[in-house]
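Asker: Here is a sequence together with a model predicted from it:
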Amino acid sequence: MKRATLSLVFILLSITTFAQTKKPKAAAVAPATANVYPIQEGYVDANGVLIYYETIGHGAPLMIVHGGPGVAHDYLMPYLLPLARRNKLIFIDERGSGRSEKLEDAAQYTVENMVEDVESVRQALHLGKISLMGHSYGGVLAQAYAFKYQQNLTHLVLGGTFYSTREMNKVLADEKRSMPPEALAKLEALAKLEALEKAGLFNKGKDWEKGRYPDDYAKLAWGDGYFPFLYQRRPDPNYDPVAGNTSSSWDLYREMWGSDGEFVIDGNLKSVEYLDKLSTIHVPTLVICGDHDESNPSLSRTMHEKIAGSKLAIMPQSGHMAFVDQPNLYIKTVSDFLKGK
């Protein structure tokens, strides 16, 4: 009897042990489908500078470079997301911007260095030939990349940008003179704006204020001055010129744009004089802007004339943020161009 009992206990223990050690069956993982768009992100060490990237979408690679200089790619989202249905989108934050590494030596913030950063990301992610899209300052960067690495491009999209700092400064001077529309307010605003610029815009106020524009200047420049050229059909109700005053990489911005205010570029972007180089671009190119763009459409028309075979698309009722004013038309225009239509 004892022997039978012991045998039964042994069998029960063996069954229990087996049940405990047997691995549970893995849950079935649903296969990826065409309507799932996972985001991948990371950093590329680009010649000693960590460049943040984010990818999403299916299809041929389309790298997108942002404006500023000194903001981040976030303002392009979610407006450009529909392009992910037919392209693998690669957004980057340029050196010193967003989540990319900031440098102690501001002199390293140049268009030429950023061209090499774009190329490093292309190589590190094994993208092969890419389409390259640049908005605003990003369009300047995209042109500079095309001049050096055209063999790596399939398409080029230049959005709301300029080819010449000299010409852009003329546009900015005109925009300054046009603010705001009421004659009396115009004179008062201009007088105050110019007085602030003449007095110097930096190293004033509390320690946390010294490295950026005074709030009064930000309201005048980015409010009365720029807002009419940023939006037309769909003005952003959350736009805040003072909040924008705190979000830029100011050391980078001052190095590249300059320290004498919003209406003159006198930093190292003065080197951007590309008129005579535009004719060397031979990849399919789309030049796109708003009809009330901060980068005046006349600049886009000149670029279109100089780049043989390029296409020009001027979005109606649109400012610099044409993809906000005309989201469906903007996406269709870029998508059709990339598809060869």
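Answerer: Nice, I can see it. For clarity, every value in this text was computed on a predicted model and none was experimentally measured.
Asker: contacts and neighbour counts: CA atoms only from here.
Answerer: Fine.
Asker: So which residues make contact with the helix or strand hosting Glu188?
Answerer: Using DSSP states H and E, Glu188 sits in helix 183-199. Helix 183-199 is contacted by residues 176-180, 217, 220-221, 260-261 when judged by C-alpha atoms under 8 Å, 6 or more residues apart in numbering.
Asker: go on, stretch 213-221?
Answerer: Contact with stretch 213-221 is made by 189, 193, 196, 201-202, 204, 241-242, 245, 262, as judged by C-alpha under 8 Å, 6+ apart.
Asker: again with stretch 140-150
Answerer: Defining contact as C-alpha under 8 Å, 6+ apart, one finds that stretch 140-150 is touched by 65, 111-112, 114-115, 118, 132-134, 153, 156, 158, 161-163, 272, 277, 280-281, 283.
Asker: swap in stretch 242-252?
Answerer: For stretch 242-252, contacts defined as C-alpha under 8 Å, 6+ apart pick out 68-71, 96-97, 106, 109, 211-213, 215, 218-219.
Asker: quick one on the thing from earlier: tell me which residues of the helix holding Glu188 are tucked away?
Answerer: Within helix 183-199, the residues scored as buried using 16 or more other C-alpha atoms under 10 Å are 186-187, 189-190, 193, 196-197.
Asker: what about stretch 320-329, start to end distance?
Answerer: Using C-alpha to C-alpha, to the nearest Å, one end of stretch 320-329 lies 15 Å from the other.
Asker: Off-centre distance for that stretch?
Answerer: Here stretch 320-329 is found 15 Å from its chain centre; the criterion is C-alpha atoms, centre = their mean, to the nearest Å.
Asker: go on, stretch 193-207?
Answerer: Relative to the centre of its chain, stretch 193-207 is centred 28 Å away, using C-alpha atoms, centre = their mean.
Asker: Check the average confidence over it, would you?
Answerer: Mean per-residue pLDDT for stretch 193-207: 93.
Asker: can you check stretch 271-282 too?
Answerer: Here the average pLDDT along stretch 271-282 is 98.
Asker: Skipping its backbone neighbours, what lies nearest Tyr163 in space?
Answerer: Leaving aside its sequence neighbours, Tyr163 sits nearest to Tyr274 (C-alpha to C-alpha, 6 or more residues apart in numbering; 5.3 Å).
Asker: ok, so of the buried residues of helix 183-199, who is nearest Val44?
Answerer: Glu197 (38.9 Å; C-alpha to C-alpha).
Asker: and Asp293, how many neighbours?
Answerer: Asp293 has 26 neighbours, counted by other C-alpha atoms under 10 Å.
Asker: who are the neighbours in contact with it?
Answerer: Asp293 sits next to 160, 229-230, 318-322 when contact means C-alpha under 8 Å, 6+ apart.
Asker: Now do the same contact list for the residue nearest to Glu273 when sequence neighbours are not counted.
Answerer: Distances taken as C-alpha to C-alpha, 6+ apart put Ser164 closest to Glu273, at 4.4 Å, once the chain neighbours are dropped. Shown in contact with Ser164 (C-alpha under 8 Å, 6+ apart): 272-275.
Asker: Quick check on the residues you listed: which are buried?
Answerer: Using 16+ other C-alpha under 10 Å as the burial test, the contacts of Ser164 include 272-274 as buried.
Asker: part of a strand, is Cys289?
Answerer: Yes - checked against DSSP: H, G, I helix; E, B strand; the rest coil, Cys289 lies within a strand.
Asker: Hmm, it is touching Arg301, no?
Answerer: No - in this structure Cys289 lies outside contact range of Arg301 using C-alpha atoms under 8 Å: 9.7 Å.
Asker: Between those two, which has more neighbouring residues?
Answerer: More crowded of Cys289 and Arg301, by other C-alpha under 10 Å: Cys289, with 33 against 17.
Asker: got any ranges where this protein has weak pLDDT?
Answerer: For the chain, applying pLDDT under 70 flags the ranges 1-33, 183-184.
Asker: Recalculate using a threshold of 80.
Answerer: 1-34, 180-187, 244-247, 341 (pLDDT under 80).
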